[in-house]
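**Student:** quick one, fold the following:
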Amino acid sequence: MGSGKSSELARIAERWKDEFTVLFINMDEESDRNDLEYTDLYLVIIKQVEYALRQQGIRFKPSLEKGFEQWFLEITEEREETVTRAVNLEAEAILGSEAPFLAKFLVKILAQIRGSATDKKRIRRVLSREVSRMKADINLLLQDGCDKLLEKFPEKKGFLIILDNLDKCPPNVANRLFFDYANQLQELNCSIIYTVPIASFYALNGISPSFDNPPDIVPMVNIYQLRKICPKTTLVNSCCLQLPFWNTTATVAGYILTPW
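**Tutor:** Now for the predicted structure:
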């Protein structure tokens with residue numbers, strides 16, 4: 001029995017779907033949580049944003065998209081032909097026939113990071129040297145996507161990205177992400193909710209100083225005793241989150257035991 005974290009995150013997504021374009025990303029489906037770098041999150045986020053925009057008939061500005069593609073091809077020493085061949089039929093079906101080269105490229109790069117130790121080391125080594133350019137280009141794409149989203153849907157405030165299951169990362173990965181690279185996690189031009197292991201919340205140096213917004217805790221609830229008290233009540237109040245707004249980052253710590 002879990003803490004109800006994912007259910008609470010789903011409630012947040014439902015609550016804010018009219019004001020934000022909400023992307024609920026299960027990181028278990030996108031990456032290896034036992035070996036994860038913040039640059040992997042950057043790639044996952046821009047891949048999902050591109051797909052979400054395309055589903056609504058929105059495309060990035062061609063010059064920005066092409067510039068990012070050409071730079072990425074250059075630093076990874078890839079060629080368009082090899083990328084196109086590497087995307088299998090299943091991925092092609094998910095991406096859609098109208099998928100731009102950028103979408104196919106991101107699928108290939110993330111598959112290499114997840115599947116091949118040699119490719120993973122090579123790609124991460126290159127990205128670590130070029131991370132400033134990578135972050136700048138991704139932010140330009142995010143801003144362009146947000147501007148076009150607001151043109152088409154004036155009631156929207158931007159993107160709200162929920163990264164679920166990062167709380168399942170082992171301590172060494174979580175500490176690297178949420179302590180060593182906390183600033184980098186807050187430098188993308190969108191609202192993001194990260195899920196953080198409870199061990200990081202109670203670490204010696206504490207996670208609160210690393211983020212602008214203090215983390216919120218999803219408590220573990222004794223469901224049997226809860227039913228005896230109020231049998232029709234669900235876990236609506238099990239998590240009190242500061243609801244995210246444009247250009248902010250929230251963190252959610254999962255799995256804390258609360259005694260009765």
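**Student:** show me what contacts Phe68?
**Tutor:** With contact set as C-beta atoms under 8 Å, 6 or more residues apart in numbering, Phe68 has these partners: 102, 137-138, 140-141. From N, CA and C alone the C-beta is placed, and that goes for glycine too.
**Student:** tell me which residues touch Asp144, please.
**Tutor:** Applying C-beta under 8 Å, 6+ apart, one finds that Asp144 lies in contact with 60-61, 64.
**Student:** one step back: redo the contacts of Phe68 as JSON lines? Include secondary structure.
**Tutor:** Shown next, in JSON lines, are the contacts of Phe68 (DSSP: H, G, I helix; E, B strand; the rest coil):
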{"residue": "Leu102", "secondary structure": "helix"}
{"residue": "Asp137", "secondary structure": "helix"}
{"residue": "Ile138", "secondary structure": "helix"}
{"residue": "Leu140", "secondary structure": "helix"}
{"residue": "Leu141", "secondary structure": "helix"}
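**Student:** pick out the lowest-pLDDT one from the residues you listed.
**Tutor:** Sorting those by pLDDT puts Leu102 at the bottom of the list (84).
**Student:** ok, which stretches of the stretch 101-250 of the chain are strands?
**Tutor:** For the stretch 101-250 of the chain, strands defined by DSSP state E, counting those that start in this stretch occupy the ranges 159-164, 191-197, 216-220, 249-257.
**Student:** worst average pLDDT in those?
**Tutor:** strand 249-257 (a mean of 44).
**Student:** how about the helices of the stretch 51-200 of the chain, start to end?
**Tutor:** Along the stretch 51-200 of the chain, counting by DSSP state H, counting those that start in this stretch, helices occupy 62-76, 80-86, 89-95, 101-115, 117-129, 131-152, 171-175, 182-185, 198-201.
**Student:** and the ones you listed as JSON lines, adding distance to Asn165?
**Tutor:** Listed next are these as JSON lines, based on distance: least, C-beta to C-beta, whole Å:
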{"stretch": "helix 62-76", "distance to Asn165": "26"}
{"stretch": "helix 80-86", "distance to Asn165": "26"}
{"stretch": "helix 89-95", "distance to Asn165": "20"}
{"stretch": "helix 101-115", "distance to Asn165": "15"}
{"stretch": "helix 117-129", "distance to Asn165": "20"}
{"stretch": "helix 131-152", "distance to Asn165": "22"}
{"stretch": "helix 171-175", "distance to Asn165": "12"}
{"stretch": "helix 182-185", "distance to Asn165": "16"}
{"stretch": "helix 198-201", "distance to Asn165": "14"}
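**Student:** out of these, which is closest to Arg33?
**Tutor:** When these are compared by C-beta to C-beta, helix 171-175 sits nearest Arg33, at 6.9 Å.
**Student:** got the buried residues for the closest one?
**Tutor:** Of the residues in helix 171-175, those buried by neighbour count under the rule 16 or more other C-beta atoms under 10 Å are 173-175.
**Student:** out of the contacts of Asp144, flag the one nearest to Pro215.
**Tutor:** Nearest to Pro215 among those: Phe60, at 32.2 Å, using C-beta to C-beta.
**Student:** so how far is Arg54 from the closest residue in space to Asp35 that isn't next to it in sequence?
**Tutor:** Leaving aside its chain neighbours, Asp35 sits nearest to Val173 (7.0 Å; criterion: C-beta to C-beta, 6 or more residues apart in numbering). Applying C-beta to C-beta, to the nearest Å, the value for Val173 to Arg54 is 31 Å.
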